[in-house]
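In: sequence-free structure coming up:
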């Protein structure tokens, strides 16, 4: 949430917002667990839901993956995003 607020401040308050961002010294683990992991989960979860529930269609019937076959690929996709 802090990164979103900082993003809004950067758009409207420029220089003072950059000074505040520079003053905030977040640890690497904090950034990893509060920003990187949640943002990497979004496409992985959406991909899993998409291929198991909706599938895709090129010509003919839609192709869907079983949850058992999609889960390992989804997990690897998540780690690739990280």
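Out: Sure, I can see it. Please read all numbers here as calculations on a predicted model, not as lab measurements. Numbers count the residues shown, from 1 in each chain.

In: which parts of this structure are strands?
Out: Along the chain, counting by DSSP state E, no stretch forms strands.

In: where does pLDDT dip in it?
Out: 1-3, 25 (pLDDT under 70).

In: kindly recompute the last result at 90.
Out: 1-38, 58-62, 82 (pLDDT under 90).

In: and the contacts of the longest helix anywhere in it?
Out: Assignment by DSSP state H gives helix 2-23 as the longest helix of the chain. Contact with helix 2-23 is made by 24, 35, as judged by Cβ atoms under 8 Å, 6 or more residues apart in numbering. Any C-beta I mention is one placed from the backbone N, CA and C, and that applies to glycine too.

In: tell me how far that helix lies from the chain's centre.
Out: Taking Cα atoms, centre = their mean, to the nearest Å, one finds the center of helix 2-23 at 21 Å from the center of the full chain.
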